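# sequence and predicted structure below; questions after.
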Amino acid sequence: MSTRYSDDILFFDNINILDLASTSQTPFYLYSETIISNNFLAYQKSFGNNQHLICYSVKANSNLTVLSLLSKLGSGFDIVSGGELSRVIKAGGDPRKTVFSGVGKTEEEIRFALSQDIMCFNVESHDELDTINSIALDEGKKANISIRINPAIDVDTHPYITTGMKDNKFGIDQSEILEIYQKASNMNGVNIIGIDFHIGSQITDVKPFEESVLKIVSIVKTLQKNNIILSHIDIGGGLGIKYHNEIKPDKNTFISSIIKLLQPYDVTILIEPGRSIVGEAGLLISKVLNTKKTTSKEFIIVDAGMNDLLRPPLYDAYHQIKEVKRNNDGKVLCDVVGPVCETADFLGKNRHLSVTRGDYIAVESVGAYGFTLSSNYNTRSKSAEYLIEKDGVTIKKIRERDSIDQILENEIKHL
(Lines give C-alpha, C1' and ligand atoms only; values in the text may rest on other atoms or scores of the structure.)
Protein backbone atom coordinates (compact mmCIF):
# COMPACT_ATOMS: atom_id res chain seq x y z
CA MET A 1 0.00 0.00 0.00
CA SER A 2 1.10 3.55 -0.72
CA THR A 3 -0.12 4.89 2.62
CA ARG A 4 2.16 6.96 4.82
CA TYR A 5 1.90 9.26 7.79
CA SER A 6 2.90 12.93 7.69
CA ASP A 7 2.56 14.83 10.97
CA ASP A 8 0.50 11.86 12.17
CA ILE A 9 -2.07 12.26 9.35
CA LEU A 10 -2.54 9.34 6.94
CA PHE A 11 -1.87 10.03 3.27
CA PHE A 12 -2.68 7.84 0.25
CA ASP A 13 -0.77 8.85 -2.86
CA ASN A 14 -0.61 12.57 -2.01
CA ILE A 15 -4.11 12.81 -0.57
CA ASN A 16 -4.69 13.87 3.03
CA ILE A 17 -7.23 11.27 4.11
CA LEU A 18 -8.39 13.28 7.13
CA ASP A 19 -9.31 16.24 4.94
CA LEU A 20 -11.14 14.01 2.47
CA ALA A 21 -13.00 12.07 5.17
CA SER A 22 -14.03 15.27 6.93
CA THR A 23 -15.74 16.56 3.78
CA SER A 24 -17.19 13.30 2.40
CA GLN A 25 -19.91 10.97 3.59
CA THR A 26 -18.45 7.80 5.07
CA PRO A 27 -17.96 4.99 4.47
CA PHE A 28 -16.40 5.31 1.03
CA TYR A 29 -13.90 3.50 -1.18
CA LEU A 30 -10.82 5.31 -2.50
CA TYR A 31 -8.64 3.93 -5.31
CA SER A 32 -5.27 4.91 -6.76
CA GLU A 33 -5.03 5.12 -10.55
CA THR A 34 -1.24 5.06 -10.24
CA ILE A 35 -1.16 1.73 -8.40
CA ILE A 36 -3.66 0.13 -10.80
CA SER A 37 -1.72 1.32 -13.85
CA ASN A 38 1.66 0.32 -12.44
CA ASN A 39 0.45 -3.19 -11.58
CA PHE A 40 -1.00 -3.72 -15.06
CA LEU A 41 2.09 -2.37 -16.80
CA ALA A 42 4.32 -4.59 -14.64
CA TYR A 43 2.54 -7.61 -16.15
CA GLN A 44 2.88 -6.17 -19.65
CA LYS A 45 6.58 -5.54 -19.21
CA SER A 46 7.16 -9.05 -17.80
CA PHE A 47 5.90 -10.65 -21.02
CA GLY A 48 8.35 -8.72 -23.18
CA ASN A 49 7.93 -9.69 -26.85
CA ASN A 50 6.18 -12.98 -26.08
CA GLN A 51 2.67 -13.37 -27.49
CA HIS A 52 0.22 -12.70 -24.69
CA LEU A 53 -3.07 -11.14 -23.66
CA ILE A 54 -3.84 -9.88 -20.15
CA CYS A 55 -7.55 -10.39 -19.47
CA TYR A 56 -8.36 -8.45 -16.31
CA SER A 57 -10.78 -10.33 -14.04
CA VAL A 58 -13.80 -8.04 -13.92
CA LYS A 59 -15.24 -9.61 -10.77
CA ALA A 60 -12.36 -8.22 -8.69
CA ASN A 61 -13.42 -4.61 -9.22
CA SER A 62 -15.99 -3.85 -11.90
CA ASN A 63 -16.32 -0.07 -11.61
CA LEU A 64 -16.73 1.41 -15.09
CA THR A 65 -13.91 3.92 -14.60
CA VAL A 66 -11.52 1.17 -13.50
CA LEU A 67 -12.47 -0.96 -16.52
CA SER A 68 -12.07 2.04 -18.84
CA LEU A 69 -8.62 2.78 -17.41
CA LEU A 70 -7.48 -0.80 -17.99
CA SER A 71 -8.99 -0.92 -21.48
CA LYS A 72 -7.01 2.17 -22.44
CA LEU A 73 -3.86 0.44 -21.20
CA GLY A 74 -4.58 -2.43 -23.63
CA SER A 75 -6.24 -4.92 -21.32
CA GLY A 76 -8.61 -7.66 -22.36
CA PHE A 77 -11.18 -8.92 -19.86
CA ASP A 78 -12.26 -12.10 -18.09
CA ILE A 79 -16.00 -12.09 -17.35
CA VAL A 80 -18.34 -14.47 -15.55
CA SER A 81 -21.74 -13.04 -16.49
CA GLY A 82 -23.63 -11.20 -19.18
CA GLY A 83 -23.83 -8.23 -16.84
CA GLU A 84 -20.04 -8.06 -16.65
CA LEU A 85 -19.88 -8.15 -20.46
CA SER A 86 -22.28 -5.20 -20.53
CA ARG A 87 -19.95 -3.36 -18.15
CA VAL A 88 -16.93 -4.08 -20.36
CA ILE A 89 -18.75 -2.77 -23.44
CA LYS A 90 -20.03 0.35 -21.64
CA ALA A 91 -16.50 1.05 -20.36
CA GLY A 92 -15.11 0.91 -23.91
CA GLY A 93 -13.55 -2.55 -23.60
CA ASP A 94 -13.19 -4.84 -26.61
CA PRO A 95 -15.43 -7.94 -26.58
CA ARG A 96 -12.99 -9.56 -29.03
CA LYS A 97 -10.41 -9.48 -26.22
CA THR A 98 -12.87 -10.91 -23.68
CA VAL A 99 -13.10 -14.48 -22.37
CA PHE A 100 -16.29 -15.76 -20.73
CA SER A 101 -15.61 -18.00 -17.72
CA GLY A 102 -17.93 -19.54 -15.12
CA VAL A 103 -19.82 -22.79 -14.67
CA GLY A 104 -23.37 -21.44 -15.04
CA LYS A 105 -23.71 -19.43 -18.25
CA THR A 106 -27.37 -19.03 -19.17
CA GLU A 107 -28.69 -19.40 -22.72
CA GLU A 108 -29.50 -15.67 -22.73
CA GLU A 109 -25.92 -14.82 -21.72
CA ILE A 110 -24.44 -17.13 -24.36
CA ARG A 111 -26.56 -15.55 -27.09
CA PHE A 112 -25.57 -12.07 -25.94
CA ALA A 113 -21.87 -12.96 -25.86
CA LEU A 114 -22.09 -14.50 -29.35
CA SER A 115 -23.79 -11.36 -30.66
CA GLN A 116 -20.85 -9.31 -29.35
CA ASP A 117 -18.21 -11.59 -30.97
CA ILE A 118 -16.31 -12.30 -27.75
CA MET A 119 -12.89 -13.92 -28.00
CA CYS A 120 -13.99 -17.25 -26.54
CA PHE A 121 -16.03 -19.18 -24.00
CA ASN A 122 -14.12 -21.10 -21.32
CA VAL A 123 -16.18 -24.31 -21.31
CA GLU A 124 -16.63 -26.07 -17.96
CA SER A 125 -18.84 -29.11 -18.71
CA HIS A 126 -20.15 -31.41 -21.43
CA ASP A 127 -23.63 -29.93 -21.02
CA GLU A 128 -22.30 -26.41 -21.48
CA LEU A 129 -20.44 -27.45 -24.64
CA ASP A 130 -23.66 -28.92 -26.04
CA THR A 131 -25.56 -25.74 -25.19
CA ILE A 132 -23.02 -23.41 -26.78
CA ASN A 133 -22.87 -25.54 -29.92
CA SER A 134 -26.68 -25.63 -30.20
CA ILE A 135 -27.08 -21.87 -29.69
CA ALA A 136 -24.28 -21.05 -32.12
CA LEU A 137 -25.90 -23.19 -34.81
CA ASP A 138 -29.24 -21.55 -34.11
CA GLU A 139 -27.64 -18.09 -34.42
CA GLY A 140 -25.73 -19.03 -37.58
CA LYS A 141 -22.41 -18.44 -35.84
CA LYS A 142 -19.37 -20.42 -34.76
CA ALA A 143 -18.39 -19.98 -31.12
CA ASN A 144 -14.70 -19.92 -30.21
CA ILE A 145 -14.12 -22.15 -27.21
CA SER A 146 -11.43 -23.06 -24.74
CA ILE A 147 -11.85 -26.02 -22.38
CA ARG A 148 -11.19 -25.37 -18.70
CA ILE A 149 -9.15 -28.10 -17.06
CA ASN A 150 -9.29 -28.95 -13.39
CA PRO A 151 -5.61 -29.74 -12.76
CA ALA A 152 -6.22 -31.10 -9.22
CA ILE A 153 -3.51 -28.91 -7.71
CA ASP A 154 -3.60 -28.22 -3.96
CA VAL A 155 -2.80 -24.62 -3.04
CA ASP A 156 -2.22 -22.84 0.25
CA THR A 157 -5.19 -20.48 0.35
CA HIS A 158 -8.65 -20.30 1.90
CA PRO A 159 -10.76 -23.33 0.87
CA TYR A 160 -13.53 -21.07 -0.47
CA ILE A 161 -11.16 -19.55 -3.06
CA THR A 162 -9.51 -22.72 -4.32
CA THR A 163 -10.80 -23.60 -7.79
CA GLY A 164 -8.48 -26.28 -9.14
CA MET A 165 -8.91 -29.20 -6.73
CA LYS A 166 -10.80 -32.42 -7.39
CA ASP A 167 -13.78 -31.48 -5.20
CA ASN A 168 -14.25 -28.01 -6.71
CA LYS A 169 -17.11 -27.31 -9.13
CA PHE A 170 -14.82 -25.79 -11.76
CA GLY A 171 -13.36 -27.32 -14.89
CA ILE A 172 -13.18 -30.74 -16.54
CA ASP A 173 -11.38 -33.66 -14.94
CA GLN A 174 -8.13 -34.55 -16.71
CA SER A 175 -9.41 -38.04 -17.47
CA GLU A 176 -12.15 -36.55 -19.68
CA ILE A 177 -10.06 -33.98 -21.53
CA LEU A 178 -9.28 -35.86 -24.73
CA GLU A 179 -12.89 -37.05 -24.94
CA ILE A 180 -14.41 -33.56 -24.69
CA TYR A 181 -11.91 -32.03 -27.15
CA GLN A 182 -12.64 -34.79 -29.66
CA LYS A 183 -16.35 -34.26 -29.12
CA ALA A 184 -15.94 -30.50 -29.72
CA SER A 185 -13.84 -31.09 -32.83
CA ASN A 186 -16.80 -32.87 -34.41
CA MET A 187 -19.27 -30.07 -33.69
CA ASN A 188 -20.21 -27.55 -36.38
CA GLY A 189 -21.09 -24.73 -33.99
CA VAL A 190 -17.79 -24.41 -32.16
CA ASN A 191 -14.19 -23.64 -33.01
CA ILE A 192 -11.50 -24.91 -30.61
CA ILE A 193 -8.86 -22.25 -29.95
CA GLY A 194 -7.47 -22.85 -26.47
CA ILE A 195 -7.12 -24.56 -23.13
CA ASP A 196 -7.64 -22.96 -19.73
CA PHE A 197 -7.03 -23.56 -16.04
CA HIS A 198 -7.52 -21.56 -12.85
CA ILE A 199 -6.32 -23.02 -9.56
CA GLY A 200 -7.55 -20.43 -7.08
CA SER A 201 -7.19 -16.97 -5.64
CA GLN A 202 -4.70 -15.22 -3.32
CA ILE A 203 -1.88 -17.67 -4.14
CA THR A 204 1.52 -16.42 -3.03
CA ASP A 205 3.68 -19.31 -4.27
CA VAL A 206 4.63 -19.68 -7.95
CA LYS A 207 5.14 -23.45 -7.67
CA PRO A 208 1.45 -24.51 -8.01
CA PHE A 209 1.23 -22.51 -11.24
CA GLU A 210 4.32 -24.24 -12.61
CA GLU A 211 2.92 -27.65 -11.67
CA SER A 212 -0.35 -26.82 -13.41
CA VAL A 213 1.42 -25.62 -16.56
CA LEU A 214 3.40 -28.85 -16.73
CA LYS A 215 0.14 -30.80 -16.60
CA ILE A 216 -1.32 -28.59 -19.33
CA VAL A 217 1.77 -29.08 -21.50
CA SER A 218 1.31 -32.84 -21.26
CA ILE A 219 -2.33 -32.47 -22.32
CA VAL A 220 -1.41 -30.17 -25.21
CA LYS A 221 1.04 -32.78 -26.51
CA THR A 222 -1.69 -35.42 -26.40
CA LEU A 223 -4.09 -33.12 -28.23
CA GLN A 224 -1.47 -32.42 -30.92
CA LYS A 225 -1.07 -36.15 -31.51
CA ASN A 226 -4.81 -36.24 -32.13
CA ASN A 227 -4.64 -33.34 -34.61
CA ILE A 228 -6.17 -30.82 -32.20
CA ILE A 229 -4.03 -27.70 -32.38
CA LEU A 230 -4.48 -24.84 -29.92
CA SER A 231 -3.65 -21.17 -30.45
CA HIS A 232 -3.61 -20.12 -26.78
CA ILE A 233 -3.05 -21.40 -23.28
CA ASP A 234 -4.89 -19.53 -20.52
CA ILE A 235 -3.13 -19.85 -17.15
CA GLY A 236 -5.91 -18.13 -15.19
CA GLY A 237 -5.32 -15.59 -12.45
CA GLY A 238 -4.95 -15.95 -8.73
CA LEU A 239 -1.61 -14.31 -7.95
CA GLY A 240 -1.79 -13.01 -4.40
CA ILE A 241 -0.95 -9.73 -2.71
CA LYS A 242 0.30 -8.78 0.75
CA TYR A 243 -2.52 -8.29 3.24
CA HIS A 244 -0.61 -9.05 6.42
CA ASN A 245 2.51 -11.21 6.68
CA GLU A 246 2.42 -12.80 3.22
CA ILE A 247 5.43 -12.63 0.95
CA LYS A 248 4.09 -10.99 -2.19
CA PRO A 249 5.07 -12.84 -5.40
CA ASP A 250 7.12 -10.90 -7.92
CA LYS A 251 5.18 -10.53 -11.18
CA ASN A 252 8.28 -10.68 -13.36
CA THR A 253 9.56 -13.87 -11.68
CA PHE A 254 6.12 -15.44 -12.02
CA ILE A 255 5.65 -14.59 -15.69
CA SER A 256 9.23 -15.51 -16.59
CA SER A 257 8.80 -18.98 -15.12
CA ILE A 258 5.58 -19.51 -17.12
CA ILE A 259 7.11 -18.23 -20.37
CA LYS A 260 10.05 -20.59 -19.94
CA LEU A 261 7.68 -23.57 -19.76
CA LEU A 262 5.42 -22.51 -22.64
CA GLN A 263 7.81 -20.88 -25.11
CA PRO A 264 8.49 -24.08 -27.08
CA TYR A 265 4.80 -24.42 -28.00
CA ASP A 266 4.26 -21.25 -30.08
CA VAL A 267 1.01 -20.26 -28.39
CA THR A 268 -0.38 -17.00 -27.08
CA ILE A 269 -0.35 -16.93 -23.28
CA LEU A 270 -3.52 -15.60 -21.65
CA ILE A 271 -3.59 -14.55 -18.01
CA GLU A 272 -6.59 -13.39 -15.96
CA PRO A 273 -5.27 -11.31 -13.03
CA GLY A 274 -7.64 -9.32 -10.83
CA ARG A 275 -6.56 -8.94 -7.22
CA SER A 276 -2.89 -8.45 -8.11
CA ILE A 277 -3.84 -5.43 -10.26
CA VAL A 278 -6.41 -3.65 -8.08
CA GLY A 279 -6.18 -5.17 -4.59
CA GLU A 280 -3.55 -2.89 -3.08
CA ALA A 281 -5.00 0.12 -4.90
CA GLY A 282 -7.97 0.57 -2.58
CA LEU A 283 -8.85 1.90 0.87
CA LEU A 284 -12.16 1.81 2.74
CA ILE A 285 -12.56 4.92 4.90
CA SER A 286 -14.95 4.68 7.84
CA LYS A 287 -15.97 6.87 10.78
CA VAL A 288 -15.93 5.76 14.40
CA LEU A 289 -19.50 5.92 15.72
CA ASN A 290 -18.91 4.66 19.25
CA THR A 291 -16.46 2.85 21.47
CA LYS A 292 -17.69 0.17 23.83
CA LYS A 293 -16.08 -1.77 26.65
CA THR A 294 -17.42 -4.99 28.16
CA THR A 295 -15.96 -7.13 30.92
CA SER A 296 -14.02 -9.16 28.35
CA LYS A 297 -13.63 -7.06 25.20
CA GLU A 298 -13.26 -3.56 23.79
CA PHE A 299 -15.05 -2.62 20.58
CA ILE A 300 -14.58 0.14 18.03
CA ILE A 301 -17.94 0.55 16.29
CA VAL A 302 -17.64 2.13 12.84
CA ASP A 303 -20.10 3.06 10.09
CA ALA A 304 -18.74 0.47 7.61
CA GLY A 305 -20.04 -3.03 8.03
CA MET A 306 -20.04 -6.46 6.44
CA ASN A 307 -22.38 -5.13 3.77
CA ASP A 308 -19.52 -2.80 2.71
CA LEU A 309 -16.64 -5.27 3.13
CA LEU A 310 -17.60 -8.94 3.29
CA ARG A 311 -14.13 -10.51 3.08
CA PRO A 312 -13.37 -10.59 6.84
CA PRO A 313 -16.50 -12.55 7.88
CA LEU A 314 -16.67 -14.56 4.63
CA TYR A 315 -13.05 -15.72 4.44
CA ASP A 316 -11.74 -14.68 7.86
CA ALA A 317 -9.61 -12.35 5.73
CA TYR A 318 -7.11 -10.00 7.36
CA HIS A 319 -6.90 -6.35 6.32
CA GLN A 320 -4.60 -3.82 7.91
CA ILE A 321 -6.57 -1.12 9.76
CA LYS A 322 -4.95 2.24 10.45
CA GLU A 323 -5.98 5.37 12.30
CA VAL A 324 -6.43 8.27 9.88
CA LYS A 325 -5.10 10.53 12.63
CA ARG A 326 -2.40 8.60 14.43
CA ASN A 327 -2.19 8.65 18.21
CA ASN A 328 0.51 6.47 19.68
CA ASP A 329 -0.78 6.96 23.22
CA GLY A 330 -3.47 4.84 24.81
CA LYS A 331 -3.71 2.10 22.19
CA VAL A 332 -6.11 -0.67 23.20
CA LEU A 333 -6.67 -4.22 22.00
CA CYS A 334 -10.05 -4.14 20.29
CA ASP A 335 -12.37 -5.58 17.68
CA VAL A 336 -13.40 -3.23 14.88
CA VAL A 337 -17.07 -3.93 14.20
CA GLY A 338 -19.86 -2.47 12.10
CA PRO A 339 -23.53 -1.54 12.57
CA VAL A 340 -25.02 -4.57 10.78
CA CYS A 341 -27.20 -6.76 12.98
CA GLU A 342 -25.00 -9.88 12.74
CA THR A 343 -22.38 -11.24 15.12
CA ALA A 344 -20.18 -11.83 12.06
CA ASP A 345 -20.15 -8.09 11.30
CA PHE A 346 -16.50 -7.22 11.85
CA LEU A 347 -13.69 -5.61 9.85
CA GLY A 348 -10.87 -6.76 12.10
CA LYS A 349 -10.33 -8.52 15.41
CA ASN A 350 -7.69 -8.02 18.08
CA ARG A 351 -6.23 -4.81 16.69
CA HIS A 352 -4.22 -2.23 18.62
CA LEU A 353 -5.80 1.17 17.94
CA SER A 354 -6.23 4.51 19.62
CA VAL A 355 -9.41 6.17 18.37
CA THR A 356 -12.45 7.82 19.85
CA ARG A 357 -15.90 8.75 18.63
CA GLY A 358 -15.73 10.93 15.52
CA ASP A 359 -12.29 9.70 14.42
CA TYR A 360 -11.68 7.86 11.14
CA ILE A 361 -10.06 4.58 10.22
CA ALA A 362 -8.68 3.29 6.90
CA VAL A 363 -8.98 -0.38 5.92
CA GLU A 364 -6.20 -1.25 3.48
CA SER A 365 -5.96 -3.42 0.35
CA VAL A 366 -9.68 -3.49 -0.39
CA GLY A 367 -9.47 -2.67 -4.11
CA ALA A 368 -10.35 -6.27 -5.01
CA TYR A 369 -13.50 -8.05 -3.81
CA GLY A 370 -14.41 -5.06 -1.68
CA PHE A 371 -17.14 -3.05 -3.32
CA THR A 372 -18.02 -5.87 -5.74
CA LEU A 373 -19.07 -8.09 -2.81
CA SER A 374 -21.01 -5.32 -1.07
CA SER A 375 -24.77 -5.41 -0.60
CA ASN A 376 -27.78 -3.47 0.67
CA TYR A 377 -28.28 -5.81 3.63
CA ASN A 378 -30.19 -4.08 6.48
CA THR A 379 -31.29 -1.61 3.76
CA ARG A 380 -27.90 0.05 3.99
CA SER A 381 -26.64 2.13 1.10
CA LYS A 382 -23.68 0.93 -0.92
CA SER A 383 -20.71 3.25 -0.53
CA ALA A 384 -19.50 5.92 -2.92
CA GLU A 385 -16.26 5.24 -4.79
CA TYR A 386 -13.50 7.76 -5.57
CA LEU A 387 -10.38 7.58 -7.72
CA ILE A 388 -7.14 9.49 -7.22
CA GLU A 389 -5.89 10.38 -10.67
CA LYS A 390 -2.34 9.73 -11.80
CA ASP A 391 -1.14 13.17 -10.67
CA GLY A 392 -1.68 11.92 -7.12
CA VAL A 393 -3.76 14.94 -6.04
CA THR A 394 -6.89 15.08 -8.22
CA ILE A 395 -9.86 13.11 -6.91
CA LYS A 396 -12.93 12.22 -8.93
CA LYS A 397 -16.08 10.48 -7.75
CA ILE A 398 -16.60 7.34 -9.83
CA ARG A 399 -19.75 6.07 -8.13
CA GLU A 400 -22.44 7.85 -6.17
CA ARG A 401 -23.61 6.47 -2.86
CA ASP A 402 -26.97 4.69 -3.10
CA SER A 403 -30.07 6.59 -2.07
CA ILE A 404 -32.84 4.79 -0.20
CA ASP A 405 -35.16 5.51 -3.14
CA GLN A 406 -32.76 3.64 -5.45
CA ILE A 407 -32.67 0.67 -3.09
CA LEU A 408 -36.47 0.48 -3.00
CA GLU A 409 -37.32 1.40 -6.59
CA ASN A 410 -37.58 -2.15 -7.99
CA GLU A 411 -39.88 -3.41 -5.23
CA ILE A 412 -43.60 -3.73 -5.83
CA LYS A 413 -45.84 -3.03 -2.85
CA HIS A 414 -49.08 -5.02 -2.84
CA LEU A 415 -51.72 -3.85 -0.37
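That came through fine.
# hmm, Val363 is touching Val302, no?
No. If you go by C-beta atoms under 8 Å, Val363 and Val302 don't touch, sitting 9.1 Å apart. In this view, the C-beta of every residue, glycine as well, is placed from N, C-alpha and C.
# mutual contacts of those two, please.
Ser286, Leu347 (C-beta atoms under 8 Å, 6 or more residues apart in numbering).
# in this structure, where's the longest strand?
strand 282-293 (DSSP state E).
# avg pLDDT for that strand?
Here strand 282-293 scores 97 as its mean pLDDT.
# least confident secondary structure element in this protein?
Least confident element among the helices and strands of the chain, by mean pLDDT, DSSP states H and E: strand 172-173 (a mean of 84).
# where exactly do the helices run in the stretch 1-150 of the chain?
Ranges of helices in the stretch 1-150 of the chain, per DSSP state H, counting those that start in this stretch, are 17-22, 33-47, 64-72, 82-90, 107-115, 126-139.
# among those helices, which comes closest to Arg399?
Closest approach to Arg399 among the helices of the stretch 1-150 of the chain is made by helix 64-72 (8.2 Å; C-beta to C-beta).
# residue contacts, the most centrally placed residue in the chain?
Centroid-nearest residue in the chain, with C-alpha atoms, centre = their mean: Ala60, separated by 2.1 Å. By C-beta under 8 Å, 6+ apart, Ala60 lies in contact with Gly274, Arg275, Ile277, Val278, Gly279, Gly367, Ala368, Tyr369, Thr372.
# any idea how far the closest residue to it other than its chain neighbours lies from Ser62?
Nearest non-adjacent residue to Ala60, counting by C-beta to C-beta, 6 or more residues apart in numbering: Gly274, 3.0 Å away. Here Gly274 is placed at a distance of 10 Å from Ser62 (C-beta to C-beta, to the nearest Å).
# which of those two has more neighbours?
Gly274 (24 against 21; other C-beta atoms under 10 Å).
# make sure the more buried one is actually in contact with Lys59.
Yes. In this structure Gly274 lies within contact range of Lys59 using C-beta under 8 Å: 6.6 Å.
# below-threshold pLDDT in the stretch 1-150 of the chain: ranges please.
For the stretch 1-150 of the chain, applying pLDDT under 70 flags the ranges 1.
# again, but for the stretch 201-350 of the chain
Judged against pLDDT under 70, the stretch 201-350 of the chain has no low-scoring part.
# if we can go back for a sec, by contact count, what packs against the longest strand of the chain?
Contacting strand 282-293 under the criterion 3 or more C-beta pairs under 8 Å, 6 or more residues apart in numbering; DSSP states H and E are the following elements: helix 17-22, strand 28-32, strand 298-302, strand 360-364.
# show residues contacting the longest helix anywhere in the chain.
Counting by DSSP state H, the longest helix found in the chain is helix 207-225. Under the contact criterion C-beta under 8 Å, 6+ apart, helix 207-225 has outside partners 149, 151, 153-155, 164, 174, 177-178, 181, 195, 197, 199-200, 203, 229-230, 233, 235, 238, 254, 257-258, 261-262, 265, 267.
# from the chain's centroid, how far away is it?
Mean C-alpha position of helix 207-225 versus that of the full chain (C-alpha atoms, centre = their mean, to the nearest Å) differs by 25 Å.
# okay, domains of the protein per the record?
Split into domains by automatic domain parsing, the chain comes to 3-31+279-408, 33-275.
# for my notes, please list those in JSON lines and give distance to His414 for each entry.
Compiled in JSON lines, those are given as follows (distance: least, C-beta to C-beta, whole Å):
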{"stretch": "domain 3-31+279-408", "distance to His414": "14"}
{"stretch": "domain 33-275", "distance to His414": "28"}
